[in-house]
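In: pasting the sequence and the predicted model now:
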Amino acid sequence: MTAGPQDVMTLDPATMNVVSRVAAGSHLNGRLLFDGGVLVQGQLSGHIVVRGHLVVWHDATVRGRLSVHGDVYVFGNLGDAGGPDAATSVECSGMVCVAQSGRSHAALLARRLQLYEGADVKGPFKTLRPGESVPTLQDALVAAAT
């Protein structure tokens, strides 16, 4: 028996400007702003703005209202499997990639969605049309404050 084609996703944190990390075992909650990309290996929740790429690593969980000014790579958990899909929402100016090990139980708004075989995706998804954009950083911060 031969294996079928396999999707490969290669990430380079230096090239992607991933300058922040939420380590495994860490829990951050609140109104958070990351200036540059962030790698989440622990738990992150709240009103979150990422001025770069967001990488949700294996066994990591991200919940809340997110505005990402880059791409989102999901290897772990985005939202709660048992919770309502709208409890976590992501506005992404780039692409959302959900890997084979990834689980997205969130409302997603992005330019593009890429799913790898075995990805678990539940919740509404809307793609941005040409000329549309996600809210600006200032709009996202104002919305998070209300």
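Out: Thanks, I have it. Remember, predicted model here, so these are calculated numbers, not experimental data. Residues are numbered from 1 along each chain as shown.
In: pLDDT score assigned to residue 135?
Out: For residue 135, the pLDDT comes out at 54.
In: wait, I meant residue 108
Out: For residue 108, pLDDT reads 94.
In: my guess is it contacts residue 124. True?
Out: Yes: using Cβ atoms under 8 Å, residue 108 is in contact with residue 124, at 7.2 Å. (Each C-beta comes from the backbone N, C-alpha and C, glycine too.)
In: neighbour count for those two, which is higher?
Out: Higher neighbour count among residue 108 and residue 124: residue 108, with 25 against 11, using other Cβ atoms under 10 Å.
In: quick one: residues contacting the more buried one.
Out: Listed by Cβ atoms under 8 Å, 6 or more residues apart in numbering, the contact set of residue 108 reads 89-90, 92, 96, 123-126.
In: list just the nearest of these to residue 23.
Out: Distance to residue 23, by Cβ to Cβ, is smallest for residue 90 among the contacts of residue 108, at 21.9 Å.
In: whichever helix or strand that closest one is part of: partners in the sheet, and parallel or antiparallel?
Out: Assigned by DSSP states H and E, residue 90 belongs to strand 89-92. Using DSSP bridges, strand 89-92 pairs in its sheet with strand 61-68 (parallel), strand 107-110 (parallel).
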